[in-house]
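Colleague: Please find the sequence and the predicted model below.
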Amino acid sequence: MSIALLPLAASGTLIATGVTLLLERSLVRVLAGVIVLGNGINLLIVTAGGDAGSPPLLGRFEPERMADPLPQAMVLTAIVITLGVSAFLLAMVHRSWQLTGSDEVQDDTEDRRVRLRARRGELVDAVRARREAYRRLVAEQRAELAGLGTEHARHAQGAQDAQERAQRKRLRARQRESRREMRQAIRAERERQALAIDPELEGDD
Amino acid sequence: MESVISVPVLLPLLAAGVKLAIGGRLRRLQSLISVVTLAVTVVVSMLLLVEVDAHGPMVTSLGGWPAPLGICLVADRLSTLMLVVSSSVTLCVMAYSVVNAYADQEHDAPMAIFHPAFLVMIAGVADAFLSGDLFNLFVAFEMLLSGSYVLLTFGGTLSRIRAGATYTVMGLASSMLFLFALAIVYAATGTLSIAQLAVRFATLDVHVKLLVELTLLLTFAIKAAIFPMSAWLPDSYPTAPAPATAVFAGLLTKVGVYSIIRLEALLFPGGPVATLLMYVALATMLVGVLGAVAQTDIKRMLSFTLVSHIGYMVFGVALSTVQGLAGAVFYVVHHITVQTSLFLVTGLIERRTGSTSVNRLGGLMRATPLIAVLFFVPAMNLSGIPPMSGFLGKLALVQAGLSEGGPLPLTLVAAGLVTSLLTLYAVAKVWGKAFWRAPQGGPAGAVVESDESTGADAIVTTTAMPAPLLGATAALVALGLSFTVLAGPLSSLAERTAGELMARDPYISAVLGRGM
C-alpha cells in the first residue's frame, strides 16, 4: 500500500485548524473548531482504510478490488454523531446569548474565587490606607486645637474672647465633619470587602 | 440465551423512544415504564452475572455478522458486575427522581425531557460496559455523553449553561481524541474488535503500540477525570439537578475507569505505562482531596473527593497484579454506590433547606435526623471507617501495594492512607458545620442567608419529605452497607474477575472461537 500524502496533509491541516479554534473562548468558534476537527479526523479514518478501490457492493464488483467498507461505515456514523452534538452546542450558544448577550465561556467558580481573593487583598490595603489617613487627620486636628489653646492663653482676654470661641466652634464642627466622612468611607470599603468574600454572592462583574 | 446480553442496552433505548413519542402525557404510565425498564435491566444483569460467572464469557453478534467483522457485545465477569451495580444504582436514582418530580408538582418537562435523556444515558453506560468493539465503545460514549449534556444543562439556567459549556467542550474534545485514536488503531492493525486487537497488538511495533496506548489512555483519562484532566469535573457536576449529578458521579467516571481496566488488562498487558499510571494515581489522589478540603459547598466538596478516589482505582490498575486489579474492581463497585448515595442525600438537603453551602447551613441534625443519618453513613463509608466497604476496598488495595513492594507502590500506599484521612477531615467538616453546630439564626435547618442575590435557580424548599424519596436514598445507602455483609462473596468475585482479566484468554477465545 502506497501512502497517499495529500489526504494526510489535508487532514493534518484540518485537525490543526480545529484544535486552534477549539481553544478559543467564544463558543461559536469552538463549534466551528469541532466541525473542522471532526472532518479532519474523518478524512484520517478514510485514509486509514487503505487505497481507493471500486464500491464495496457484493455481486457487482470483484471483492479483491473493493475499497475497505468498514472505515466508510465508521465515518458515516461519526458524521451523524458530530452533527447531533453540533446541533446541541448551537442550541447552547443560543441560550447563552439569550442569557448573557455573548457566547463566551465564562470564568468557572475557582477562577472567580481566585480573582475575588486578589480583589479582597486590594480592598484590605485600601482600608488600611484610609485608616492611616484618618489617624493622621485626627492627630493634625488635635495639634491645631492645642495651638489655638496656647494662642488663647497668650492673648489674655477681652473682646477677642467671643471671636475666638466662635472660631474654635467652627474648627470643631469642621473636624467632626471630616471625621464622619472618613468613617463612612471606611465602612463602605468594609462592606465591599464583605461582599468579596463569597464568590457566589458577588457573581460576575 | 446469548441475545439477552443486548437487553440492558436495547430496553432503555426503546423505553426512551416510547417516552419521546408519548411526550408529556400519561405521567403515571411514564414513570411506570421508567421504573419497570430499569428493574428488568437489574434482573437481566444479575442473571447474566450468575451465568457468566459459572460458564465463562458470553458473546452476541449484532446484526448477525460474525465476531471479528461485525460488532459484538461481550459479557464477561467485569462487564456484568459493573452492569449489576450500575443498574441497581440507576434504579434507585430513577425512583428518587420520579418521586421528586411528583412531589414538586413539576409538569411535562421532567417526563418529556429528563427521563428520555436519562434512559439514553443509561443505555450508553450499559453499551460501554458490554461493547466488544472499540468503535462501538465510541458510539456508547457518545450516547451517554449526549444524554448527560441534556441532563447537565436541564432547564437552561445561567449557572447550568456556564457549567454545560465546560462539560460539553470537554466531552467533544475527548470524543475527537477517541476518534483520532480509532483512526490510528485501524491504520495500524486493520481491525477494531477488542479481542482481535488483543491478538494483533502482540506483534505490533513497540513505538506504534505506545502511541496507540497513550492516545487511548488520554481519552479515557479525560472521561475518568484523572488528575491533569480532572479540572472540568468539579466545575460542571455540582450545578446539575441532584439525581443527574448522582448518576454522573457514580457512573460516568467509572465508565472511564472501566475502559482503562480493559485497555490495560486486555490490550496492553505489562506495558511501560504502568509506572506512568502510578504517578498519575498519586497526583489524582492528593490534588483531588486537597481540593475537597478547601471547599465550602457540599456538592463541590463531593466532586473533589470523587476525583481523588478515582486515584485509588487507577492505583489498583497500575499495580497490574491480580490482587491489585481485584482491589480496583471492588473499589469501583463500592465507590459507585457510595458516591451516588452521597449526592442523592445532598439533593435531599438542598430540597429541605435550599442551599448546599456549609456556611449557610446549621442544625440539620436536630431538624432532620433521618437525613443526618443518611448522610453520615455513606460519608463514613467513603472515608473508609471499618467495617464498611470503603475500608475493605482500601485495605485490599493497600495489601496489594504492600505485597508488590518497591518505593513507588509504597509511596502510593502512604498517599492512599493520607487521602483517606483527609477525606475523613473533609466530610467531618461538613458534618460539623451543616449538621452538628447550632442553627445559624432562624429555625433549625433553615437557610441562614437568602440565596436570592446569586441569580441562581430559585429552589422550592419544603419540609415535606415524601417517604419514597427517603426510601430510594435509604435503599442506596443500605446497598452500600450490604457490601460489608457480602464482602466475602464480593471480594472473591472481584478476585475471579481480576483472574479472568489477567488470563485474557477467556475473553479472546470467547469472541474469536477456540481455534484462534
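Modeller: Cool, got the structure. Numbers count the residues shown, from 1 in each chain, chains lettered A, B, ... in the order given.

Colleague: ok, now which ones touch A:Arg65?
Modeller: By C-beta atoms under 8 Å, 6 or more residues apart in numbering or on different chains, the residues touching A:Arg65 are A:53-54. To be clear about C-beta, it is placed using only N, CA and C from the backbone, and glycine gets the same treatment.

Colleague: separation between it and B:Gly190?
Modeller: 17 Å (C-beta to C-beta, to the nearest Å).

Colleague: number of nearby residues for residue 83?
Modeller: The chain I'm using is chain A. Under the neighbour criterion other C-beta atoms under 10 Å in any protein chain shown, A:Leu83 is assigned a count of 12.

Colleague: wait, chain B
Modeller: Considering only other C-beta under 10 Å, B:Leu83 is surrounded by 25 other residues.

Colleague: Which strand or helix spans the closest residue to it other than its chain neighbours?
Modeller: The shortest distance from B:Leu83 to any non-neighbouring residue, by C-beta to C-beta, 6 or more residues apart in numbering or on different chains, is to B:Ser45 (4.0 Å). Taking DSSP states H and E as the criterion, B:Ser45 maps to helix B:27-55.

Colleague: in that helix, what counts as buried?
Modeller: B:27, B:30-31, B:33-34, B:37-38, B:40-42, B:44-45, B:48-49, B:51-53 (16 or more other C-beta atoms under 10 Å in any protein chain shown).

Colleague: still on that earlier bit, I am assuming the residue nearest to B:Leu83 contacts B:Thr90, so please confirm or correct that.
Modeller: No: applying C-beta atoms under 8 Å as the test, B:Ser45 and B:Thr90 come out as separate, 10.7 Å apart.

Colleague: quick one: pLDDT of the residue nearest to B:Leu83?
Modeller: Looking at B:Ser45, its pLDDT reads 92.

Colleague: What of B:Gly445?
Modeller: 46.

Colleague: now swap in B:Ala21 and tell me
Modeller: Value for B:Ala21, per-residue pLDDT: 85.

Colleague: Can stretch B:425-441 be said to contact chain A?
Modeller: No: against chain A, stretch B:425-441 shows no contacts by C-beta under 8 Å from any C-beta of the partner chain, the least distance being 14.4 Å.

Colleague: how about that stretch as CSV, C-alpha atoms only?
Modeller: What follows is stretch B:425-441, C-alpha atoms only, in CSV (Å, rounded to 0.1, in the frame of the first residue of the first chain):
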residue,chain,number,x,y,z
TYR,B,425,-11.4,15.5,57.6
ALA,B,426,-13.4,17.0,54.6
VAL,B,427,-16.6,15.1,55.4
ALA,B,428,-16.2,15.7,59.1
LYS,B,429,-16.0,19.5,58.4
VAL,B,430,-19.3,19.3,56.5
TRP,B,431,-20.8,17.2,59.3
GLY,B,432,-19.7,19.6,62.0
LYS,B,433,-20.9,22.7,60.2
ALA,B,434,-24.1,21.6,58.5
PHE,B,435,-25.4,19.1,61.0
TRP,B,436,-23.8,19.5,64.4
ARG,B,437,-23.4,23.2,65.1
ALA,B,438,-26.3,25.2,66.4
PRO,B,439,-28.7,26.6,63.8
GLN,B,440,-27.4,29.8,62.4
GLY,B,441,-30.2,32.2,63.4
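
Colleague: Quick one: mean pLDDT over it.
Modeller: 83.

Colleague: What residues of it count as buried?
Modeller: Buried-residue list, stretch B:425-441, by 16+ other C-beta under 10 Å: B:426-427, B:429-431, B:433-435, B:439-440.

Colleague: List of residues touching it?
Modeller: B:289, B:292-293, B:295, B:298, B:301, B:304-305, B:349, B:358-367, B:372, B:375-376, B:379-380, B:382-383, B:445-446, B:448.

Colleague: let's see it at 7 Å
Modeller: Contacts with stretch B:425-441, where a contact means C-beta atoms under 7 Å, 6 or more residues apart in numbering or on different chains, come from B:292-293, B:298, B:301, B:305, B:358, B:361-365, B:372, B:376, B:379, B:382-383, B:445-446, B:448.

Colleague: ditto for stretch B:196-215
Modeller: Residues contacting stretch B:196-215 (C-beta under 7 Å, 6+ apart): B:68, B:177, B:180-181, B:184-185, B:188-189, B:191, B:266-268, B:271, B:273, B:504, B:508, B:512, B:516.

Colleague: From start to finish, how long is that stretch in a straight line?
Modeller: 19 Å (C-alpha to C-alpha, to the nearest Å).

Colleague: Excluding sequence neighbours, find me the nearest residue to the closest residue to chain A within the stretch 51-200 of chain B.
Modeller: In the stretch 51-200 of chain B, the residue that lies nearest chain A is B:Ala187 (3.6 Å; C-beta to the nearest C-beta). Nearest non-adjacent residue to B:Ala187, counting by C-beta to C-beta, 6+ apart: A:Ala48, 3.6 Å away.

Colleague: Run a quick neighbour tally on the one you found.
Modeller: For A:Ala48, using other C-beta under 10 Å, the count is 22.

Colleague: my read: it touches B:Val185, true?
Modeller: No: counting by C-beta atoms under 7 Å, A:Ala48 stays clear of B:Val185, with 8.6 Å between them.

Colleague: does B:Gln323 really touch B:Glu404, like I thought?
Modeller: No: B:Gln323 is beyond contact range of B:Glu404, at 8.1 Å (criterion: C-beta under 7 Å).

Colleague: Give me the next element, helix or strand, following the lowest-mean-pLDDT helix or strand in chain B.
Modeller: Lowest on mean pLDDT, DSSP states H and E among the helices and strands of chain B sits helix B:109, with a mean of 55. Next in sequence after helix B:109, counting helices and strands by DSSP H and E, comes helix B:115-130.

Colleague: average pLDDT for the very next helix or strand once past that following helix?
Modeller: Once the chain leaves helix B:115-130, the next helix or strand it forms, by DSSP H and E, is helix B:134-152. Regarding helix B:134-152, the rounded mean pLDDT is 92.

Colleague: Please apply the same query to stretch A:46-63.
Modeller: 80.

Colleague: go on, stretch B:288-297?
Modeller: On average, stretch B:288-297 scores 89.

Colleague: host element of A:Leu8?
Modeller: Applying DSSP H and E, one finds A:Leu8 within helix A:5-22.

Colleague: That helix packs against which elements?
Modeller: helix A:27-48 (3 or more C-beta pairs under 7 Å, 6 or more residues apart in numbering or on different chains; DSSP states H and E).
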